[in-house]
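> fold the following for me, if possible:
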Amino acid sequence: MRQQNSHSDLVYTTALQNSAAASSPIAASWRRCINLHQLAPEEGRKPFQVDDTVFRMARERMEQLILACSDEVDRLYQTVGRSGCCIVLSDRDGILLDRRAAAGDEADFHGLGLRPQNVWSEASVGTNGIGTALADERSVIIHRDQHFLSSNIELSCATAPIRDHMGRVTAALDISTCRTDVTDMTLAILSQAVRDVATRVEATLFRQAFPGARIVMVPTAQVATAALIAVDYDDLILGATKAARAALKLDDTRIAQGVPAADALRESRGEVGSDLSDAERAALRRALTRANGNVSQAAQILGISRATLHRKIKRFSLQ
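Here you go, the predicted structure:
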């Protein structure tokens with residue numbers, strides 16, 4: 001009880017300060033919990049549980065993402081599951097959709113409320129890995145007494161948000177542990193692992209959203225992010241991940257208006273006004289490649305005469 005009282009005092013003291021030290025993401029979350037969500041750190045609060053209908057609808061809405069996560073989460077669990085960790089997937093509202101935990105750890109996690117159908121948003125249980133990652137839209141580590149509620153200070157969490165094909169946060173993936181010997185270095189490793197999985201899941205969701213499109217990786221300084229664009233047959237961008245949008249200064253309006261990938265990527269395509277020539281040259285090269293260099297076959301593919309194709313080959317110096 002003394003530890004919980006001490007923690008509650010720390011939360012109130014920190015949240016009410018206006019100093020630079022109190023402007024950390026954790027302190028900001030604590031202030032939201034007190035001022036916005038009207039929570040108290042000392043209250044013995046359990047996560048809100050949605051009813052069966054709401055839970056079923058949430059699962060159905062997130063079915064594609066759950067399937068996309070399945071293999072990645074299984075591999076992650078094989079790595080950390082036996083070390084006293086559980087892996088949890090939630091939707092954008094913090095509703096826990098799926099959990100993997102060793103049988104020997106079930107009671108601990110169940111007692112804390114880390115089980116499907118419970119809501120782990122900040123509004124439900126204060127500062128925590130899932131809720132704060134969703135609120136801040138970034139990866140977080142919430143280590144023991146960084147939790148808002150005193151009843152959750154036995155828990156340590158490393159969480160990463162998952163974004164959909166339009167760059168919107170749609171879920172959160174979390175690794176939680178009740179171990180008392182977990183260190184900052186261990187949490188940093190777990191955080192990197194969960195971020196890597198989230199990045200791969202985002203890439204999978206993006207590819208699934210644009211079947212048949214060419215997927216191009218955008219060079220960025222943030223190599224750990226999925227900076228991808230989907231490009232159609234005419235070289236127009238169909239979609240972009242959050243990282244690609246930031247790197248190329250894209251938004252929904254620009255994408256809807258039509259942006260050539262070559263322009264967005266600042267590719268050098270010759271002189272201004274050379275697009276038609278570039279397109280014709282590319283078509284000739286494709287036909288010749290498909291015909292293994294046979295000019296007669298390439299002419300048939302293009303629907304032009306052999307003599308015309310020879311002139312074009314000479315014009316573009318293709319042989």
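
> show me where this structure has strands.
Under the criterion DSSP state E, the chain contains strands at 48-49, 85-91, 96-100, 118-119, 140-143, 156-163, 169-177, 214-217, 228-231, 237-240.

> could I get those as TSV with distance to residue 33, mean neighbour count and mean pLDDT?
Every C-beta, even on glycine, is put in place using the N, C-alpha and C of the backbone. TSV is the format used below for the strands of the chain (distance: least, C-beta to C-beta, whole Å; neighbours: other C-beta atoms under 10 Å; pLDDT from 0 to 100):
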stretch	distance to residue 33	mean neighbour count	mean pLDDT
strand 48-49	14	16	95
strand 85-91	18	25	96
strand 96-100	19	20	95
strand 118-119	14	22	98
strand 140-143	12	23	97
strand 156-163	15	26	96
strand 169-177	17	25	97
strand 214-217	39	14	94
strand 228-231	35	24	95
strand 237-240	34	24	95
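
> turn those into TSV, including distance to residue 277.
Rendered in TSV, the data for the strands of the chain read as follows (distance: least, C-beta to C-beta, whole Å):
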stretch	distance to residue 277
strand 48-49	63
strand 85-91	50
strand 96-100	53
strand 118-119	59
strand 140-143	52
strand 156-163	39
strand 169-177	43
strand 214-217	22
strand 228-231	20
strand 237-240	22
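
> and of these, who's closest to residue 313?
Comparison of the strands of the chain against residue 313 by C-beta to C-beta identifies strand 214-217 as nearest, at 26.2 Å.

> so what does that closest one touch, helix or strand wise?
Taking 3 or more C-beta pairs under 8 Å, 6 or more residues apart in numbering; DSSP states H and E as contact, the helices and strands that strand 214-217 lies on are strand 228-231.

> what lines up beside the strand it packs on in the sheet?
Taking DSSP bridges as the criterion, strand 228-231 forms sheet pairs with strand 214-217 (antiparallel), strand 237-240 (antiparallel).

> can you put those in a markdown table and add distance to residue 168?
Below are the strands paired with strand 228-231 laid out as a markdown table (distance: least, C-beta to C-beta, whole Å):
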| stretch | distance to residue 168 |
| --- | --- |
| strand 214-217 | 19 |
| strand 237-240 | 12 |
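
> so which of the ones you listed gets nearest residue 251?
With C-beta to C-beta as the measure, strand 237-240 is the member of these nearest residue 251 (9.0 Å).

> who's in contact with the closest one?
Residues outside strand 237-240 that contact it (C-beta atoms under 8 Å, 6 or more residues apart in numbering): 165-167, 206, 209-210, 213, 218, 228-232, 248, 250, 255, 258-261, 264.

> narrow these to those that are buried.
Among those, those buried by neighbour count (16 or more other C-beta atoms under 10 Å) are 165, 167, 206, 210, 213, 218, 228-231, 248, 250, 255, 259, 261, 264.

> okay, now the unreliable bits of this protein?
In the predicted model, the chain carries pLDDT under 70 at residues 1-4, 20-22, 222-224, 268-274, 319.

> tell me where the stretch 151-300 of the chain has helices.
With DSSP state H, counting those that start in this stretch, the ranges of helices along the stretch 151-300 of the chain come out as 184-209, 242-248, 252-257, 261-264, 275-290, 295-302.

> so what does the last one touch, helix or strand wise?
Contact analysis of helix 295-302 by 3+ C-beta pairs under 8 Å, 6+ apart lists helix 275-290, helix 306-315 as its packing neighbours.

> check the first one too.
If contacts are counted by 3+ C-beta pairs under 8 Å, 6+ apart, helix 184-209 sits against helix 63-80, strand 140-143, strand 156-163, strand 169-177, strand 228-231.

> give me the buried positions along that helix.
Neighbour-count burial for helix 184-209, counted by 16+ other C-beta under 10 Å, picks out 186-187, 190-191, 193-195, 197-206.

> ditto for stretch 17-32
The neighbour-count check on stretch 17-32 (16+ other C-beta under 10 Å) flags 22, 26-32 as buried.
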